[in-house]
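1. Quick one, structure for this:
(4 chains)
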Number of protein chains: 2
Amino acid sequence: MVIMNGDDEGDVDLRSMAVRLRRMTAEFNRIAHEFANEQRLHTTDVQTLIMIFDAPSPITPGKLREELNLTSGAVTACLDRLERAGHIRRVRDAHDRRVVHLHYREAAQELAGAFFRPLARSTDSVLRRFGPDELRAVATFLDAMNEELGMLRSAPGPA
Amino acid sequence: MVIMNGDDEGDVDLRSMAVRLRRMTAEFNRIAHEFANEQRLHTTDVQTLIMIFDAPSPITPGKLREELNLTSGAVTACLDRLERAGHIRRVRDAHDRRVVHLHYREAAQELAGAFFRPLARSTDSVLRRFGPDELRAVATFLDAMNEELGMLRSAPGPA
DNA sequence: ATTAAAATACTCAATGATTGAGTTAATGTA
DNA sequence: TACATTAACTCAATCATTGAGTATTTTAAT
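-> Residues are numbered from 1 along each chain as shown, chains lettered A, B, ... in the order given. A predicted model of the protein is given here:
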């Protein structure tokens, strides 16, 4: 069977899909970096804010360290910057007093709005073109990718 | 109509889709950062290498500056590191001698292999679960997103 | 109870990538 | 020929990140 690389008619092969995915990641990163520059923030700070926002329940510095692949010192410095700028709040856990929970403030909500709005518009404009079945396929694909990628957490190598 | 947020039965809404996309970007970034650490490279270097690899024709430092949202000084430094490490080659354009074209060397190919292999395995394992129609839907979605995100290039603001 | 080990977040000096402002060289234009 | 533009580069200053170590709290063992 001949492997076709194009988007036009042929099968969707692994390589073309991987390039698409990498391209999208690059686009997202570029936008995040652009936004960070505008807001006098750092890319790390923006990534951290997004993590804090998207987390279903208040996240901890340790989890952030793991998710962003930073040292604990870098996380502390990043949280210091965000706290100093009034974007987040540190809250000590009452039961386990070693743990800190991170909450965002209104200032950060506005910031997040400014960041997400254009993205949401783009995403919405794309989603509108698809039917429910196709959307479900895309959602299932993304969920599967996220689960699969989540399993690639430095299986080898020490902590 | 009631907006449902879950993955189980309800419609796929904008919010849930946006979160999925952000999550995937975060996973990719984490993996790239992890790989960079292992290889004693920087995240920027890895991103640059990926751009050089995925570009259909040899890319220039100027294009990189634009894509990665860096200053030209940072790009030069990054390319210096990659060239010193034997990953890339700078080639002056014969016709416009201001322009430099970037080519990768074999060393970089091996590096890219080490980086992409696990990702490819994950992607492949996911793609295998979908039929041709669904795959086409996903591919179309990604293409549309990439085009739409590509249009979000700092429309306002000076260069 | 007491001690040791593990876990969480933090501190701080050193490193080094990135910025910001310029320079150099090549090309296009009046 | 002079002027403006473009592409890449240089370099001192800045500041995020690392790496090693500290402080505090919790868990497990004796």
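2. which element follows the host helix or strand of A:E110 toward the C-terminus?
-> Using DSSP states H and E, A:E110 maps to helix A:106-127. Of the helices and strands lying after helix A:106-127 in sequence (DSSP H and E), the nearest is helix A:132-150.
3. That following helix: how far from the chain's middle?
-> Its chain's C-alpha centre and that of helix A:132-150 lie 16 Å apart, by C-alpha atoms, centre = their mean, to the nearest Å.
4. With stretch A:65-81 instead?
-> Averaging C-alpha positions (C-alpha atoms, centre = their mean) puts stretch A:65-81 15 Å from its chain's average.
5. What's the end-to-end length of that stretch?
-> 15 Å (C-alpha to C-alpha, to the nearest Å).
6. For chain A, just list every one of the helices.
-> A:14-38, A:43-54, A:61-68, A:72-84, A:106-127, A:132-150 (DSSP state H).
7. Kindly reformat these as a markdown table and extend each row with mean neighbour count.
-> Yep, even glycine has a C-beta here, placed from its N, CA and C like the rest. Output for the helices of chain A, formatted as a markdown table (neighbours: other C-beta atoms under 10 Å in any protein chain shown):
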| stretch | mean neighbour count |
| --- | --- |
| helix A:14-38 | 19 |
| helix A:43-54 | 20 |
| helix A:61-68 | 17 |
| helix A:72-84 | 16 |
| helix A:106-127 | 16 |
| helix A:132-150 | 18 |
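8. before we move on, back to that, so the helix holding A:E110, near chain B or not?
-> Yes: using C-beta under 8 Å from any C-beta of the partner chain, we find that helix A:106-127 touches chain B at A:F116, A:P118, A:L119, A:A120, A:S122, A:T123, A:D124, A:S125, A:V126, A:L127.
9. Give me the nearest residue to the fifth one, chain neighbours excluded.
-> Take A:S122 and drop its neighbours on the chain: the residue closest to it by C-beta to C-beta, 6 or more residues apart in numbering or on different chains is B:E148, 4.1 Å away.
10. cool, and the second one?
-> In this structure, A:P118 finds its nearest non-sequential neighbour in B:L152, 5.7 Å apart by C-beta to C-beta, 6+ apart.
11. so the one you found touches A:F115, yeah?
-> No: B:L152 is beyond contact range of A:F115, at 11.3 Å (criterion: C-beta atoms under 8 Å).
12. so where's chain A shaky on pLDDT?
-> Low-confidence segments of chain A, defined by pLDDT under 70: A:1-11, A:154-159.
13. what does stretch A:66-79 rub up against?
-> Stretch A:66-79 is contacted from outside by A:42, A:44-45, A:47-48, A:51, A:61-62, A:64-65, A:88, A:90, A:102, B:26, B:29-30, B:33-34, B:37, using C-beta atoms under 8 Å, 6 or more residues apart in numbering or on different chains.
14. in the sheet, who's paired with A:R90?
-> Taking DSSP bridges, one obtains A:L102 as the residues bridged to A:R90.
15. Distance-wise, check it relative to A:L41.
-> With distances taken as C-beta to C-beta, to the nearest Å, A:R90 is found 18 Å from A:L41.
16. A:R97 too?
-> 30 Å.
17. Compare those two (neighbour count), which wins?
-> Neighbour count, other C-beta atoms under 10 Å in any protein chain shown: between A:R97 and A:L41, A:L41 has more, with 21 against 8.
18. In chain A, which residue sits closest to DNA strand D?
-> A:G73 (2.6 Å; C-beta to the nearest atom of the strand).
19. can you list the residues of chain A near DNA strand C?
-> Neighbours of DNA strand C within chain A, by C-beta under 7 Å from any atom of the strand: A:37, A:60-63, A:65, A:72-73, A:75-77, A:79-80, A:90, A:98-100.
20. The same query, at a cut-off of 10 Å, please.
-> A:33, A:36-37, A:40, A:42-43, A:59-66, A:71-80, A:83, A:90, A:92-93, A:96-102, A:159 (C-beta under 10 Å from any atom of the strand).
21. Now do the same contact list for the residue nearest to A:P118.
-> A:E27, A:I31, A:P118, A:L119, A:S122.
22. what two of these are the furthest from one another?
-> Using C-beta to C-beta, these reach their maximum pairwise distance at A:E27 and A:P118, which is 12.2 Å.
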